[in-house]
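Student: mind folding the following:
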Amino acid sequence: MLSFATAVFLLMITPGPGVLSLAGVGAAYGFQAGLRYYIGLFIGTNLVALAVVTGLGALILASPVIRTVLFAVSTAYLLYLAWKIASAGSNVGFTPATRQPGIRDGVLLQAVNPKAYVVNTTLFSGFVLFESTYLFEVAVKFLIVNAIWISIHFLWLWLGSSIKKLNLSARLQRIINIAMACAMLGVVALAALTATRV
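Tutor: Coordinates of the predicted model:
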């Protein structure tokens, strides 16, 4: 069970679309807006985990067409989120963002986030905790995954919103927002490179 918890921690602490966008929303819009987005990510990741456990995720990812569509939609959505974060609070050549990302946005990101499917598939099919009691194993895994997920994502939200609370100059805040957006673009680029090799 310790090796499973370690794997959960390592897979979730690494920057991906969820944690980077969460930190970015916290930095750009503050803790309250970030908390709504956090709740959406939580709901979304659990829906993806349910899809994986029930086999729906395998059916979705088995089709190259569906995988390509998911990748295209997630890439477009991440680009949109990166733009929202980069332009938050900006008055230098950008139209300020008029709507903060919320619960719906978090759910949507996880629904089209290939990393969410891969991580959940790895965790729920790659580690056997109780050989003869599958339902009990799934329940225990959900508890462990969610306990670690909640902690790690809350940390990323806190880090992002702490930047917002520092009352930095508008210029420095803008630099941080753009850096967060660029980090998300880096994730998109890495995902694109990985997708072309598969």
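Student: the longest helix that the chain contains: which residues count as buried?
Tutor: What stands out as the longest helix in the chain, according to DSSP state H, is helix 134-165. Residues of helix 134-165 classed as buried: 137-138, 141-142, 144-145, 148-149, 152-153, 156-157, 160-161, 163-164 (neighbour count, 16 or more other CB atoms under 10 Å). To be clear about C-beta, it is placed using only N, CA and C from the backbone, and glycine gets the same treatment.
Student: before we move on, what about stretch 124-135?
Tutor: 124, 127.
Student: helix or strand: which one has the closest residue to residue 111 other than its chain neighbours?
Tutor: Take residue 111 and drop its neighbours on the chain: the residue closest to it by CB to CB, 6 or more residues apart in numbering is residue 44, 5.7 Å away. Under the criterion of DSSP states H and E, residue 44 resides in helix 31-54.
Student: and residue 105, what does it touch?
Tutor: By CB atoms under 8 Å, 6 or more residues apart in numbering, the contact list for residue 105 reads 37, 40, 81.
Student: let me fix that, I meant to ask about residue 164.
Tutor: Residue 164 touches 26, 27, 28, 29, 30, 31, 173, counting by CB under 8 Å, 6+ apart.
Student: can you tell me which of those are in helices?
Tutor: 26, 27, 28, 29, 31, 173.
Student: does the fifth one really touch residue 157, like I thought?
Tutor: Yes - if you go by CB atoms under 8 Å, residue 31 and residue 157 touch, sitting 7.0 Å apart.
Student: the most centrally placed residue in the chain is in what secondary structure piece?
Tutor: Nearest to the centroid of the C-alpha atoms of the chain, with distances taken as CA atoms, centre = their mean, sits residue 18, at 1.4 Å. Taking DSSP H and E as the criterion, residue 18 maps to helix 17-29.
Student: got the CA coordinates for that helix in PDB?
Tutor: The C-alpha coordinates for helix 17-29 follow below in PDB (Å, rounded to 0.1, in the frame of the first residue of the first chain):
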ATOM      1  CA  PRO A  17      -2.600  20.700 -16.700                       C
ATOM      2  CA  GLY A  18      -4.600  20.500 -13.500                       C
ATOM      3  CA  VAL A  19      -2.100  21.700 -11.000                       C
ATOM      4  CA  LEU A  20      -0.600  24.300 -13.200                       C
ATOM      5  CA  SER A  21      -3.900  25.800 -14.200                       C
ATOM      6  CA  LEU A  22      -5.000  25.700 -10.500                       C
ATOM      7  CA  ALA A  23      -2.000  27.600  -9.400                       C
ATOM      8  CA  GLY A  24      -2.500  30.000 -12.300                       C
ATOM      9  CA  VAL A  25      -6.100  30.600 -11.400                       C
ATOM     10  CA  GLY A  26      -5.100  31.200  -7.800                       C
ATOM     11  CA  ALA A  27      -2.400  33.600  -8.800                       C
ATOM     12  CA  ALA A  28      -4.500  35.500 -11.300                       C
ATOM     13  CA  TYR A  29      -7.900  35.600  -9.500                       C
END
